[in-house]
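Engineer: Sequence isn't available, so here's the structure alone:
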């Protein structure tokens, strides 16, 4: 049932995006259905009239007329089919062109929580692999099956006109054959479900076999045998399931094929006796024999196509789930504010679908232009505060406001004027240098001087000046002439985005990834420069950098446990002092020895 | 061509090895199938001829019995197809499954024999992925070859039928094949050219598309307000790609229409010609009917043939990818067994260059590590630290110079004998979607069943309740298989435990702590020092502070040794080490 629904959904989708061509293509496909039957009919007529003529009873015109009809039928049938295919190709291209922007639009309209939901990862992976192709394939297959089925019906109808008995026989045998074929297809498809776990394990093992790091470990640890065992285990388990399932399908298949033999024998006998008994003309006899093979093949094709359809139709589930994902609710309409003080009051938060409270009753205020840092262990809730601040999530309890207005009531445009961010996993855009910098402030897109100044402040001016194409050079590996940058250089570009921005606050999420000591030090210097300019919210993993902030908030287990400047916090006993002493011990002269 | 023949040979050989029963049977069945395909159209023509003459002369008893025989034979022929097919299909699914198992294990096994260094080259990796995609394509290829053969024989049968009446019909019949063949070749050519020319724009499309679905890029996109701009970029790239497709299709479509016209002209010729022959009395009415039936069947048969041949050709390329993979050089092994070293490991003027890269990663590194020392390697990114660590394991061999264990060069050693004494935790350690036990125990599979030892180790590395909280040693890790998902930090702890699980003399620790917060990082590093007390340990770290605990610090710069010594000496010397140290320490003053 779900399969049918998905197929109809695809047809509807296609009709919505490419109504003209799709309708024309569907019509072409449907129009081709009577041709096989009509050809059989015409074959009969032409043979009969030829015979009549040969006996000196009929007119040449009759034979000519029928001959021309047959040629026309063949020509028209073949042409319609080709035109139909051609139209479908256009449909596929147009679908690709028109559906993709809608999917992008939809992605930008989704609640951010969906992107962080691990269970949605597969969905998003699928959605980034051309879902429009899936929709097209599903509709195309469905159409083919429909077309084949109709063709069969027409051919049967024609057989009925030749001999009701043979016709009846075909219906009696053909319908169960078709059903058995579909059942067999369904069984074969069931393997996909039941063997899915083993298949995924096999894929994972293969991924490990092709991964150089895994290969290094495998060799060094002498774990080759373990891998071989695992492969044998899962592939044997899969083979067992598949062979078992396939056996059931096979019985249906055997039954269908036996029916096919029965049907063949029956038609041939019936046609021969009819012909000899005089109730069938030679033309009808020829037509019946000619049609037999065609009908058998068609039945067979139908069930084959069905297997394919089942698997493509199931893929559509992802697309339908995607369309049903919740739409974002943070698109407020407040366009301007009188002040820019930030206030968290009694904010608690839990990620959707989880039990653990990540933030517990967090309150603090931040005056416009203030520079603060959050420090704490992994999982203390530092990144969550930033996500809430940017309006990506709605707090479970409490209120987050800027200038007295809830963050999610602000318009997205205003929010981008308030916050800019350099995230830990900042974007390394495989686009031009200009785009990479101007993404900090799209208004500055054409202002070369400003972009260069920002690059200069991020200590990365030579990326533009040292290249003939300057700001318009392409970065990354996507293009032939593009050049990939080192992690440190990309980081500088992310900083340049912050420098070019004129947002009220810059959010700095310190990278934990391995920057070498010199690069790390340069990064801190960049941070310090941002700090000099405007309001900053920083997440720090190494306390060394938090020293720059006016106020430091120490998070522990989702609560703010300490607050104050570096000096204040160091003067007190507490978590901050303890953490700082441990971290700096290795760097102080006469410090702790291991 | 030679290669193609060889690979087709391999295909047959491997198909035989993977599914011998099916392989032999399908040859037998195909023989039957071919015979039937050849016979069926001839018989049908014979029946129609006989029926025609029978209908003309009402007397012929001989004709009648001949007709019955022909009909019976024809029925048998037609019935043959479903029967052979049932057998074929039932076996073919099984064979496909067996093939998957067989070809997969060949790939997995071979991947273990490749020289690791070859994998540094992105091209090798690319070949890897292509080979994986080509796995079990042999089965499809084998099937397609047989099917092509069969439909070709059907075509020959049909031609033989009409050829008996007039050779001209054969010529027009063959001629009608030409346009579909040409348009198909043209189509494939254009499509390949299009794909090649579009690979850039396609990459861009996919890249932009990916930005919209990954959480890190979505977050940045929303905070910086980039949605509209990026949507525009994507739409433009996508539109350009679609437009090129559209133009190619339009062009190819036109050519195909010409093709149809030619085919239909041939039809007209054929039907007209056979009609003319009948009028002239050269062929009977029955033969005329046989001709008509043959022409329609011929067109359908040839369409299948062409399709099959083209499919087989494209499958061949996939098969080629699979077998090409096995031509990647395998590891060469020395013949000297590793003798437990007693004094020192030396690097003498080591040069190394990753394949596919022009710059040397190591350019004449010379240094020593004494047995039982704790050595910390520091240096900027790209100074060659990780490369040096890899060369120490013997998995990579120097291009020039050598690594010596008590004077024994790694090049000449039996790799396995060396591996048995080294353990490593690398920056890019692997997340195995196996059980916790396997994740730790994989470094020494022989001892994997020792639950007590493993629990003790995990308790020391990751905290006393770590294994218990996850649900025991045999809990499945990784959400993909319904297991426990670990955080980045937890994975790192598992990796550290893995590195320490192996019972060996030398441990290499290549900065696996980057996802940990500083406290945890410090804790792990110092614990590592303690747990490797009786071993030789090589540690690569960006936390320069750890150097104070080291017996020897190797400072690398540009693939060479910059300095070597203890913390105090190096700091006093005021060189590269002092610079790095001060740069980091100033933030803690």
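Structural biologist: Everything's here; your move. All values derive from a computational prediction rather than experimental measurement. Numbering: from 1, shown residues only, chains lettered A, B, ... in the order given.
Engineer: looking at chain B, which helix or strand is least sure?
Structural biologist: helix B:122-133 (a mean of 74; mean pLDDT, DSSP states H and E).
Engineer: Counting by contacts, list what it packs against.
Structural biologist: Helix B:122-133 is packed against helix B:61-111, helix B:285-325, with contacts defined by 3 or more CB pairs under 8 Å, 6 or more residues apart in numbering or on different chains; DSSP states H and E. Where you see a C-beta, it was placed from the backbone N, CA and C, and this is true even at glycine.
Engineer: Okay, buried residues for that helix please.
Structural biologist: Neighbour-count burial for helix B:122-133, with 16 or more other CB atoms under 10 Å in any protein chain shown as criterion, is recorded at B:124-125, B:127-128, B:130-132.
Engineer: residues in contact with the residue most central in space within chain A?
Structural biologist: For chain A, residue A:127 is the residue whose C-alpha lies nearest the centre (CA atoms, centre = their mean; 1.5 Å). Counting by CB atoms under 8 Å, 6 or more residues apart in numbering or on different chains, residue A:127 touches A:103, A:107, A:318-319, A:322, B:213.
Engineer: out of the residues you listed, which are inside helices?
Structural biologist: Among the contacts of residue A:127, the members falling in helices (DSSP state H) are A:103, A:107, A:318-319, A:322.
Engineer: And the residues you listed, which two are furthest apart?
Structural biologist: The largest separation in the ones in helices among the contacts of residue A:127, counting by CB to CB, is between A:107 and A:318 at 13.6 Å.
Engineer: Neighbour count for these two, which is higher?
Structural biologist: More crowded of residue A:107 and residue A:318, by other CB atoms under 10 Å in any protein chain shown: residue A:107, with 23 against 18.
Engineer: From residue A:1, how far out is the more buried one?
Structural biologist: Using CB to CB, to the nearest Å, residue A:107 is found at 29 Å from residue A:1.
Engineer: pull the longest helix from the chain.
Structural biologist: If you meant another chain, say so; for now it's chain A. The single longest helix within chain A, with elements called by DSSP H, is helix A:224-277.
Engineer: that's the other chain; I wanted chain B
Structural biologist: Max-length helix for chain B by DSSP H is helix B:227-279.
Engineer: can you list contacts of stretch B:344-356?
Structural biologist: Taking CB under 8 Å, 6+ apart as the rule, stretch B:344-356 contacts B:117-118, B:120-124, B:359-371, B:384, B:387-388, B:391-392, B:396, B:398-407, B:506, B:536.
Engineer: Spatially nearest residue to the closest residue to chain A within the stretch 451-589 of chain B (excluding sequence neighbours)?
Structural biologist: Closest approach between the stretch 451-589 of chain B and chain A, counting by CB to the nearest CB: residue B:545, at 2.7 Å. Counting by CB to CB, 6 or more residues apart in numbering or on different chains, residue A:586 is the residue found nearest to residue B:545 once chain neighbours are left out, at 2.7 Å.
Engineer: mind checking pLDDT for the closest residue to residue A:58 other than its chain neighbours?
Structural biologist: Distance criterion CB to CB, 6+ apart; nearest residue to residue A:58, sequence neighbours excluded, is residue A:52 at 3.5 Å. Residue A:52 carries a pLDDT value of 81.
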